[in-house]
Every structure is written in C-alpha cells, then in structure tokens.
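Engineer: here is a sequence with its predicted model. Questions after.
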Amino acid sequence: MSTPTTSLTEVASSGATLRAFLHGLPGVDRVGADQRAATLGTRSIKTTAKAKAIDLAISMVDLTTLEGADTPGKVRAMCAKAVRPDPADASVPKVAAVCVYPDLVPHAVEALRGTGVRVASVATGFPSGRTSLAVKVDDTALAVASGADEIDMVIDRGAFLAGDYLTVYEQIVAVKAACARKDGEDAHLKVILETGELVTYDNVRRASWLAMVAGADFIKTSTGKVAPAATLPVTLVMLEAVRDFRDRTGRMVGVKPAGGIRTTKDAIKNLVLVNETAGPDWLTAEWFRLGASSLLNDLLMQRTKLTTGHYAGPDYFTLD
Ligand SMILES: O=C[C@H](O)COP(=O)(O)O
C-alpha cells in the first residue's frame with residue numbers, strides 16, 4: 001500500500017527540526033473549516049446517488065466492538081454480519097473490516113478466513129496508550145502474530161500536548177516496525193490521533209502530518225471512548241492533510257473517522273466531504289473507512305427503505 005517518503009526524512013532528525021516543521025505548517029482557519037464542513041454536510045443528493053452512497057458506505061465500515069465484555073461468541077456473530085450484513089439480501093456488500101481487541105483476533109481470523117473481510121485490531125494500550133513502548137510493541141506484535149491485517153494504534157497524547165513530538169514519532173516508527181511480517185504482507189497501520197483530546201485544529205493538522213511522516217498507512221480520528229469524536233470539521237482537516245501529503249510526497253494515506261457515526265446521514269456527509277476535499281481517489285474502502293459499532297444497522301434500514309419503499313424495523317436486523 002505504501003511507499004517510503006523520501007523528501008521528508010530529515011524532518012525527524014531531531015526534536016527541534018520536527019517541532020520547527022510541524023509548527024511551520026499553515027494554521028487552520030477554524031471558522032472557515034467549521035463553515036465548510038457545515039455547508040458540505042447539508043448537500044442533498046439524488047435517490048439513485050443515495051443508493052450507491054449507502055452501498056459504498058457499507059463497504060467502508062470497520063465494524064467494531066471494543067468492550068471489556070466482548071466474548072468470542074459476540075465476535076463470531078459480528079463476523080457473520082460483516083460478511084453477509086443482511087441475510088435476506090445477498091446484494092448487500094460486505095463491510096471492509098472487523099475491529100476488535102488483540103486477544104479476540106484469533107476468533108475473528110478464523111471466522112473471516114477466505115471472505116475478503118479484513119481483521120483490524122486496536123493495540124498499544126488502547127484507548128489511553130498509557131503504557132511503556134515495550135508493552136505497546138508487544139501488544140502490536142501479538143495482534144500481528146495472531147493474524148491481524150490492520151493495527152489501530154493510539155498516539156501518546158500526553159507527549160504530543162507536552163510538545164514532545166519526537167517521542168510520538170519514535171513510537172509510531174516502532175509500532176510500524178512491529179507490523180512487519182516475514183512474508184512481506186505487513187499489517188497496515190492506522191494511527192489514532194484522539195482528536196477530542198488535541199484541543200485545536202492546528203494540533204489535529206500537526207498530529208496528522210506527524211503520523212504520516214512516521215509511516216502511518218491511515219490516520220484515524222478517535223478511539224470512540226472520548227467525546228467529541230469524529231466531527232466533520234476534524235475529518236475535513238485530516239482529509240486536507242492527506243491530500244497535501246500526497247501532493248508533496250506522492251504517497252497516499254487513508255482516513256478513518258471513528259466514534260459517534262451512527263446514521264446514514266452522518267455516513268453520507270462524510271462521503272461528500274471526502275469527494276470535495278481529498279477527491280474521488282479516496283472514495284474506496286482502500287483509502288477511507290468509517291469506524292463504527294452501530295452505523296451498519298441504520299445503513300441497512302435506509303437501504304431497505306430505498307429498495308422496498310418501507311422501513312424494516314431495527315429489530316429486523318441483528319444487533320451490530
Ligand atoms: O473505532 C471505532 C469506534 O470505537 C466506534 O465508536 P462508536 O461505538 O461510537 O461507533
């Protein structure tokens with residue numbers, strides 16, 4: 001998926017150069033970003049486009065369960081739903097991935113083998129990330145060895161907010177190395193910024209670049225455990241960052257808003273934002289994901305409404 005960045009390699013040669021680079025990025029016009037996200041969020045789309053958008057959104061879902069009470073049985077049921085979201089309608093696309101805690105990866109791998117649905121695992125002391133680098137790397141290595149295709153790591157927000165960008169950079173580099181596999185099929189690395197803790201849009205832009213320079217394959221807004229999570233303006237700022245990063249380096253990085261995305265309306269607003277900000281190249285599950293625990297049912301209900309003219313009640317579909 002990724003090729004190494006060449007022109008930005010010296011940026012992280014010291015904490016001072018990294019800081020100078022990140023603080024040299026143009027500031028985000030907060031009012032402008034809020035306004036643009038609000039405007040794009042109110043775009044109306046035709047019914048035919050809506051049907052396509054719903055299927056596209058389904059194909060981009062990272063169907064997620066990240067609860068202390070998760071069990072192998074719950075994960076297996078979720079995997080069945082990921083592969084065949086509506087048992088009564090084979091035309092519904094599969095979701096992109098199932099996202100679980102590292103100890104549940106083997107169950108997801110077994111349930112999804114040969115289906116094309118990927119297994120994503122959170123790691124690095126998710127959700128706070130408050131543990132040693134050695135533990136973060138071990139946590140990642142466990143998930144990768146168990147067969148995870150994708151790793152969703154959290155950044156050290158404490159270090160970031162203290163201005164210690166080099167520590168954040170070095171941790172991402174170390175976790176990326178732990179994503180390597182002998183067969184060359186490395187797990188893709190999604191770097192969670194936890195934007196709800198980063199305070200400003202300028203910080204969101206800096207954290208996005210920091211993650212990309214360190215080798216992120218994806219940048220992800222949130223863990224789903226902190227509010228606010230995936231707001232449209234934050235996703236907008238991140239989409240601008242991946243667009244500008246590709247302009248500068250030629251390398252594409254994906255974006256994953258996650259947390260609080262529950263309705264078809266939310267999903268479609270995100271798709272409009274992708275199209276208008278980063279561009280249509282990002283409008284595939286390879287480059288854009290929606291991390292969500294309960295969005296899929298609403299997408300299925302709205303899809304049924306478009307197809308049949310009436311809603312199936314929420315009870316018609318199995319729980320997300
Ligand atoms: O990564 C995904 C999030 O944890 C899901 O958050 P959510 O439960 O608000 O959809």
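Structural biologist: Everything's here; your move. What you see is a predicted model; the values in this text were computed from it and never measured. Numbering: from 1, shown residues only.
Engineer: nearest spatial neighbour of the residue in the stretch 51-200 of the chain positioned nearest to the ligand, chain-adjacent residues omitted?
Structural biologist: Residue of the stretch 51-200 of the chain nearest the ligand, by Cβ to the nearest ligand atom: residue 64 (4.1 Å). Just so you know, the C-beta spots here come from the backbone N, C-alpha and C atoms, and that holds for glycine as well. Closest residue in space to residue 64, ignoring its immediate chain neighbours: residue 99 at 4.1 Å, by Cβ to Cβ, 6 or more residues apart in numbering.
Engineer: now the one you found: which helix or strand?
Structural biologist: strand 97-100 (DSSP states H and E).
Engineer: quick one: the helices in the protein, in order.
Structural biologist: 15-23, 30-41, 47-59, 72-83, 105-112, 133-145, 157-161, 165-178, 201-213, 232-249, 264-277, 295-308 (DSSP state H).
Engineer: okay, the last one in PDB with CA atoms only?
Structural biologist: Okay, so that is helix 295-308. The C-alpha coordinates for helix 295-308 follow below in PDB (Å, rounded to 0.1, in the frame of the first residue of the first chain):
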ATOM      1  CA  LEU A 295     -23.900   2.500  12.000                       C
ATOM      2  CA  LEU A 296     -24.400  -0.600   9.900                       C
ATOM      3  CA  ASN A 297     -28.000  -1.200  11.000                       C
ATOM      4  CA  ASP A 298     -29.100   2.200  10.000                       C
ATOM      5  CA  LEU A 299     -27.400   1.800   6.600                       C
ATOM      6  CA  LEU A 300     -29.300  -1.400   6.200                       C
ATOM      7  CA  MET A 301     -32.600   0.100   7.200                       C
ATOM      8  CA  GLN A 302     -32.200   3.000   4.800                       C
ATOM      9  CA  ARG A 303     -31.200   0.700   2.000                       C
ATOM     10  CA  THR A 304     -34.300  -1.500   2.600                       C
ATOM     11  CA  LYS A 305     -36.400   1.700   2.600                       C
ATOM     12  CA  LEU A 306     -35.000   2.700  -0.800                       C
ATOM     13  CA  THR A 307     -35.400  -0.700  -2.300                       C
ATOM     14  CA  THR A 308     -38.900  -1.600  -0.900                       C
END
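Engineer: next, the buried residues of it.
Structural biologist: Neighbour-count burial for helix 295-308, counted by 16 or more other Cβ atoms under 10 Å, picks out 295, 296, 297, 298, 299, 300, 301, 302, 303, 304.
Engineer: what's the farthest-apart pair in these?
Structural biologist: Taking Cβ to Cβ as the measure, the buried residues of helix 295-308 reach their widest spread between 295 and 304, a distance of 15.1 Å.
Engineer: I'd say residue 149 and residue 120 touch.
Structural biologist: Yes. Counting by Cβ atoms under 8 Å, residue 149 does reach residue 120; the two are 6.8 Å apart.
Engineer: neighbour count for the two, which is higher?
Structural biologist: Neighbour count, other Cβ atoms under 10 Å: between residue 149 and residue 120, residue 120 has more, with 28 against 22.
Engineer: which strand residues bridge that one?
Structural biologist: Assessed by DSSP bridges, residue 120 has beta-bridge partners residue 99, residue 150.
Engineer: report the contact partners of it.
Structural biologist: 62, 97, 98, 99, 100, 148, 149, 150, 151, 152, 190 (Cβ atoms under 8 Å, 6 or more residues apart in numbering).
Engineer: excluding sequence neighbours, find me the nearest residue to the last one.
Structural biologist: In space, not counting the residues next to it along the chain, residue 190 is nearest to residue 218; the distance is 3.9 Å by Cβ to Cβ, 6+ apart.
Engineer: what pLDDT does the model give that neighbour?
Structural biologist: Model confidence at residue 218, expressed as pLDDT, equals 98.
Engineer: with residue 61 instead?
Structural biologist: 98.
Engineer: OK, contacts around it?
Structural biologist: 95, 96, 289, 290, 292, 295, 296, 299.
Engineer: burial measure for the residue lying closest to the fifth one once chain neighbours are set aside, as a count.
Structural biologist: Think residue 292. Excluding the flanking residues, the one nearest residue 292 by Cβ to Cβ, 6+ apart is residue 261, at 4.8 Å. The tally of other residues near residue 261 (other Cβ under 10 Å) stands at 26.
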